[in-house]
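>>> this is a predicted model, with the sequence first.
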Amino acid sequence: MTQDLTPEYTVPGIEREAAGRLIGVLRLRLHALNDLHLTLKHVHWNVIGPHFIGVHEMIDPQVDRVREMADDVAERIAALGGVAQGTPGTLVAERTWDDYSIGRADAIAHLGALDLVYTGVVEGLRAAIKTAAEIDTATEDLLIGQLRDLEQFQWFVRAHLESAGGTLATSRAHTEEEAAAQGAELG
């Protein structure tokens, strides 16, 4: 993203240029959260198999919380003097990841792929927290709270993918398709 996001004004105590940097970071988090809640709904609608109901019902509260997170990030962007771009076109144009690649599939296959999705979202969020820590403790605090929830959601997903011996079925996966295939081996 090369556009200048420096706001005309921002919250007291933060320099405008620093707020612009933070707005840029938050825009990517907004895109990640909007993409994640759509991906979660996609999984919710397209999950099948013997674990269907457990996974189907586990996903909706995650969707609701991720939507709340997106709203919080968008409102923080606005408070900093920025514009919260929440349109699908902006998301697709600015995101740094590919679209979720699994269609109708077994619940455990979806969870395998979803584990990789959560890893990407969590890693991006941790990087955003580092930037926020340099600029604004209020934004850092907001993101840390979201990190706790997202890590918990990933733990819920991983609980379905872990053996009694503590091995994660998808630990060798590098793509969603590989993770889905490795997860499906459990199902």
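Looks like it arrived, so ask away. Numbers count the residues shown, from 1 in each chain.
>>> please enumerate the helices of this protein.
16-46, 52-79, 88-94, 107-135, 137-159, 176-184 (DSSP state H).
>>> closest to Tyr100 out of those helices?
helix 16-46 (4.5 Å; CB to CB). The C-beta positions use only the backbone N, C-alpha and C, and glycine is treated the same way.
>>> my guess is Glu151 contacts Val122. True?
Yes - between Glu151 and Val122 there is a contact under CB atoms under 8 Å: 6.2 Å.
>>> between those two, which is the more surrounded one?
Neighbours were counted for Glu151 and for Val122 using other CB atoms under 10 Å; Val122 has more, 17 against 14.
>>> show me the shaky parts of this protein.
1-2, 187 (pLDDT under 70).
>>> in it, which residue is most central in space?
The centroid of the chain falls nearest to Val121 when counting by CA atoms, centre = their mean (3.9 Å).
>>> tell me the contacts of that one?
When contacts are counted by CB atoms under 8 Å, 6 or more residues apart in numbering, Val121 touches Ala32, Leu33, Leu36, Leu150.
>>> and the last one, what does it touch?
Leu150 is in contact with Val66, Met69, Tyr118, Val121, Val122, Leu125, counting by CB under 8 Å, 6+ apart.
>>> try it again with 6 Å
Contact analysis of Leu150 by CB atoms under 6 Å, 6 or more residues apart in numbering lists Val122.
>>> cool, the third one as well?
When contacts are counted by CB under 6 Å, 6+ apart, Leu36 is found next to Val66, Val121.
>>> separation between it and Glu134?
Using CB to CB, to the nearest Å, we find Leu36 at a distance of 25 Å from Glu134.
>>> leaving out sequence neighbours, find the closest residue to Val66.
Of all residues not flanking Val66 in the chain, His37 sits nearest, at 4.2 Å (CB to CB, 6 or more residues apart in numbering).
>>> how close does the one you found sit to Asp106?
22 Å.
>>> for Gly81, give me phi and psi.
phi 100, psi 10 (degrees, to the nearest 10).
>>> how many residues are close by the residue nearest to Ile144 when sequence neighbours are not counted?
Closest residue in space to Ile144, ignoring its immediate chain neighbours: Ile129 at 6.2 Å, by CB to CB, 6+ apart. Using other CB under 10 Å, the number of residues around Ile129 comes to 19.
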